[in-house]
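S.K.: would you be able to build a 3D model of this:
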Amino acid sequence: MSAPSSKPRVIKDFDKLDIEIQEQIKLEYPEGFEDHLIYFTNKEGKRVSALPFETEEKYYLVRMTVEEAQQIIEDDDDYDDDGNLKDEIKEEYEEKHADDEEDESTGFDIADDEDEDDDED
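M.R.: Numbers count the residues shown, from 1 in each chain. As a prediction, the model looks like this:
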């Protein structure tokens with residue numbers, strides 16, 4: 001996955017991300033993060049790893065090592081003992097973030113749409 005040049009790129013630690021972004025990442029990677037890490041050389045010349053994640057507005061590289069990726073999943077109650085996102089959590093996040101995506105995709109507030117119809121007559 002390559003980042004479109006028009007989107008801002010953000011490199012951040014997982015625990016420093018907004019909770020909503022963390023939830024969306026969990027939906028994107030319900031079976032854990034470690035198998036999806038990418039590797040690159042940073043500006044200091046060090047080889048680092050990160051988890052790629054893209055939203056409508058930004059392209060994220062979430063800094064983490066394989067060990068950190070495993071630890072995040074192990075410590076997170078949203079994942080079961082096998083490292084998979086629990087079904088009830090997945091459903092909850094899908095419902096929660098599906099509403100966000102619908103609102104963002106139209107760019108309209110539903111209440112505003114109703115008001116506009118009345119004014120056009």
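S.K.: CA only for contacts and neighbour counts going forward, please
M.R.: Will do.
S.K.: what's in contact with the top strand by length along the chain?
M.R.: In the chain, taking DSSP state E as the definition, the longest strand is strand 47-54. Contact partners of strand 47-54, identified using C-alpha atoms under 8 Å, 6 or more residues apart in numbering, comprise 3, 25, 33, 36-42, 59-65.
S.K.: cutoff 10 Å now
M.R.: Strand 47-54 has contacts (C-alpha atoms under 10 Å, 6 or more residues apart in numbering) with 1-4, 7, 9-14, 21, 24-25, 28-29, 33-42, 59-66, 69.
S.K.: buried ones among the residues you listed?
M.R.: 14, 21, 24-25, 29, 33-34, 37-38, 59-65, 69 (16 or more other C-alpha atoms under 10 Å).
S.K.: average pLDDT for the next helix or strand after the longest strand of the chain?
M.R.: Downstream of strand 47-54, the next assigned helix or strand under DSSP states H and E is strand 59-63. When pLDDT is averaged over strand 59-63, the result is 95.
S.K.: please apply the same query to stretch 97-115.
M.R.: 50.
S.K.: before we move on, what about stretch 76-89?
M.R.: Stretch 76-89 comes out at a mean pLDDT of 96.
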